[in-house]
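Novice: any chance you could fold what I've pasted below:
(2 chains)
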Amino acid sequence: AQKITQTQPGMFVQEKEAVTLDCTYDTSDPSYGLFWYKQPSSGEMIFLIYQGSYDQQNATEGRYSLNFQKARKSANLVISASQLGDSAMYFCAMREGPPAGGYQKVTFGIGTKLQVIP
Amino acid sequence: DTEVTQTPKHLVMGMTNKKSLKCEQHMGHRAMYWYKQKAKKPPELMFVYSYEKLSINESVPSRFSPECPNSSLLNLHLHALQPEDSALYLCASSQGEPAGNQPQHFGDGTRLSIL
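Specialist: Numbers count the residues shown, from 1 in each chain, chains lettered A, B, ... in the order given. I've put the predicted structure just below:
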């Protein structure tokens, strides 16, 4: 079974509008972490936001927020006030279990390509 | 500019060549990673080093040989690669213990083409 599911291969959004990128996950471990990364065409993976399974509040970082619905096992990324520079591939990733051994082993979803239209 | 530096940015090599990819970080991170990413696919983990010791090898073919000379450097030695090894190779690093919510920081990657 897929650990991370991103069902939107591509999304379009008008500049200055908000957009939600979907991510659902599958784990039976009570401790886990969820990450969102952005990958422009240049190739670099840019960390955007993190949500821990025990975090009580939804994570926010500037224009990025994570809509965490634990019971539904979803961790959707919300980008407010889209900008042209937001056009990129977006990956949801999960670390199952507590971090151990001093490293984070994560599994990535297949990604969603976001295009911002002027 | 990223805080994880990868060289070279592009590499074209024949199947009989030996080459190395290099990765450097000066953030004091104690975990370093190699990923392989094919076009339009997510990154796939290859190796993890934690405190300069190999912690994970995801059943990677022996034609890929990682090396971690010190806490700031990570190399990937390549030998007798196949055309299907053509991909973007990403290096990442993250804080050691406690790992907690610390994300991985990625370099720009090396685009590798095998002729």
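
Novice: the residue nearest in space to the middle of chain A: what's it in contact with?
Specialist: In chain A, the residue lying closest to the centroid (Cα atoms, centre = their mean) is A:W36, at 3.2 Å. Taking Cβ atoms under 8 Å, 6 or more residues apart in numbering or on different chains, we find A:W36 in contact with A:21, A:23, A:47-50, A:64, A:66, A:75, A:77, A:90-93. Where you see a C-beta, it was placed from the backbone N, CA and C, and this is true even at glycine.

Novice: for ChimeraX, what selects the buried ones among those?
Specialist: Selection of buried members from the contacts of A:W36 for ChimeraX, criterion 16 or more other Cβ atoms under 10 Å in any protein chain shown:
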select /A:21,23,47,48,49,50,64,66,75,77,90,91,92,93
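
Novice: could you list which of the contacts of A:W36 also contact chain B?
Specialist: A:47, A:50, A:91 (Cβ under 8 Å from any Cβ of the partner chain).

Novice: nearest spatial neighbour of the first one, skipping sequence neighbours?
Specialist: Read it as A:F47. Nearest residue to A:F47, sequence neighbours excluded (Cβ to Cβ, 6 or more residues apart in numbering or on different chains): B:P103, at 4.1 Å.

Novice: ok, that neighbour touching A:M45?
Specialist: No: counting by Cβ atoms under 8 Å, B:P103 sits too far from A:M45 to count as a contact (9.6 Å).

Novice: between the two, who's got more neighbours?
Specialist: A:M45 (29 against 23; other Cβ atoms under 10 Å in any protein chain shown).
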